[in-house]
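Participant: Got a predicted structure here, sequence first:
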Amino acid sequence: MWTQTDSTSDNESDIVAEDIDLDSQVPRPVTSNVVSESESDNRSENDSDYSFTSEDNMPLVRQFIDDGYMQILVTETYKYATQTNVPVWKPTTIDEMYVSVAVILLQSIVNKPTYQMYWTKRAKLATSIFREVLPFKRFVNLKKNLHFSDNATNNAESHPQPKLNKVWPIESYLSAKFRNSCVPERDVTIDESLLLYKGQQGWIQYLLLKRARFGIKTFMLCESQTGYVLSLIIYVGKGTTFEEEYKDLPMLSQTVMTLMQPLLNMGYCLTLDNYYSSPQLADFLLTKSTDMYGTVRPTRKEMSPSFRTKKLKKGEVAAFQ
């Protein structure tokens, strides 16, 4: 059954002994404490009611950010540092990489205008944990050389996603983790998320109805009940790659089928908004033993002609079978 509503889509070394010289400050990038548009909806309206304890959450974090993930960072950072002949470079370790990533995450919670201020010893400005876990100069050196892929072996012609070559090992690793760490319930959904980004990239999207407005768009397949991300596709414009067997379908249908590929022929039920849905897609999913429901735009192909002229008021619904 097809349903039309008037709703619209959302597509839219050594610890520094002296005080840091605050007169020679290194500005923090504006994206240092950026978060995804898809924030948790389960938090209480009162922030004091939301608690984060390491005992409860660290096993979950380590399910994804594990030693294998950190080994990629350690290996590729070492390669980049040797390729660029960084002076006085000391190879890093998995444990040190954990600490440096933790420092970056903590900096998004403890906000200061410059990096140096995190390591200052001035009583009114000091946050001692940063000096205790990692020296300032070592942190700067690690962050400057942090890398996720090998520049020497990158080949745009053979790479599965050339525009994402800088982050591809990490994206592939996490995507596999997402798929293998959870068996979803029957109901799943697909929607877009926008990661705030205002740098120079050819595929930056502007979506008025999203919280970030400007950023990198990601198509995500999620479990409906929990919001758990099962798989994702980073949209890079014309170069976005989908499963080859769906190349004859429209782009949005290719997106849906590529995301749903691991769940096809297993009896799942997919919910879509009118940005993705169409009779053609619904029929194709049925051949894969997958149900689909949601709203649909009256101008989609194979829609009943009466839907094109039907005027609905707010809250009204029209359907045909």
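Facilitator: Nice, thanks for sending it over.

Participant: what distance separates the helix or strand hosting Met97 from the centre of its chain?
Facilitator: Per DSSP states H and E: Met97 is located in helix 94-107. A distance of 19 Å separates the C-alpha centroid of helix 94-107 from that of its chain, computed with C-alpha atoms, centre = their mean, to the nearest Å.

Participant: buried stuff in it?
Facilitator: Residues of helix 94-107 classed as buried by neighbour count (16 or more other C-beta atoms under 10 Å): 96-101, 103, 107. In short, each C-beta sits where N, CA and C put it, glycine included.

Participant: Which positions within stretch 246-260 qualify as buried?
Facilitator: Residues of stretch 246-260 classed as buried: 246, 249, 252-260 (neighbour count, 16+ other C-beta under 10 Å).

Participant: pull the longest helix from this protein.
Facilitator: In the chain, with assignment by DSSP state H, the single longest helix is helix 67-83.

Participant: Tyr69 touches Ala176, doesn't it?
Facilitator: No: applying C-beta atoms under 8 Å as the test, Tyr69 and Ala176 come out as separate, 10.9 Å apart.

Participant: so where's the protein uncertain?
Facilitator: Where the chain drops to pLDDT under 70, the residues are 1-56, 321.

Participant: On the three-state scheme, Ser193 is what?
Facilitator: Here Ser193 is recorded as strand under DSSP: H, G, I helix; E, B strand; the rest coil.

Participant: still on that earlier bit, what are the contacting residues of the helix holding Met97?
Facilitator: 28, 32-33, 65, 67, 70-71, 73-74, 77, 92, 115, 118, 129-130, 133-134, 139, 142-143, 146 (C-beta atoms under 8 Å, 6 or more residues apart in numbering).

Participant: That one versus helix 67-83: what angle between them?
Facilitator: 100 degrees (axes from the mean of the first three to the mean of the last three C-alpha atoms, to 10 degrees).

Participant: Which ones among the buried residues of stretch 246-260 map onto helices?
Facilitator: 252-260.

Participant: Pick the one among the buried residues of helix 94-107 closest to Gly239.
Facilitator: Checking the buried residues of helix 94-107 against Gly239 with C-beta to C-beta, the nearest one is Val101 at 28.9 Å.

Participant: Can you add distance to Gly267 and give the buried residues of helix 94-107 back as a markdown table?
Facilitator: Output for those, formatted as a markdown table (distance: C-beta to C-beta, whole Å):
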| residue | distance to Gly267 |
| --- | --- |
| Glu96 | 47 |
| Met97 | 42 |
| Tyr98 | 40 |
| Val99 | 45 |
| Ser100 | 44 |
| Val101 | 39 |
| Val103 | 45 |
| Gln107 | 45 |
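
Participant: which pair in the residues you listed spans the largest distance?
Facilitator: Maximum distance among those (C-beta to C-beta): 16.7 Å, for Glu96 and Gln107.

Participant: now the ones in helices among the buried residues of stretch 246-260 as TSV including distance to Gln161?
Facilitator: Listed next are those as TSV, based on distance: C-beta to C-beta, whole Å:
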residue	distance to Gln161
Leu252	19
Ser253	20
Gln254	15
Thr255	14
Val256	19
Met257	18
Thr258	12
Leu259	15
Met260	19
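
Participant: Just the buried positions in the longest helix of the chain, please.
Facilitator: Neighbour-count burial for helix 67-83 [16+ other C-beta under 10 Å]: 69-70, 72-74, 76-77, 79-81.

Participant: what are the ranges of the strands in the stretch 51-200 of the chain?
Facilitator: 187-196 (DSSP state E, counting those that start in this stretch).

Participant: Leu232 against Phe219, yeah?
Facilitator: Yes: at 6.5 Å, Leu232 and Phe219 qualify as touching, with contact defined as C-beta under 8 Å.

Participant: ok, the two, which is more surrounded?
Facilitator: Phe219 (20 against 17; other C-beta atoms under 10 Å).

Participant: Next, the more buried one: secondary structure please.
Facilitator: Phe219 - assigned by three-state DSSP - is strand.
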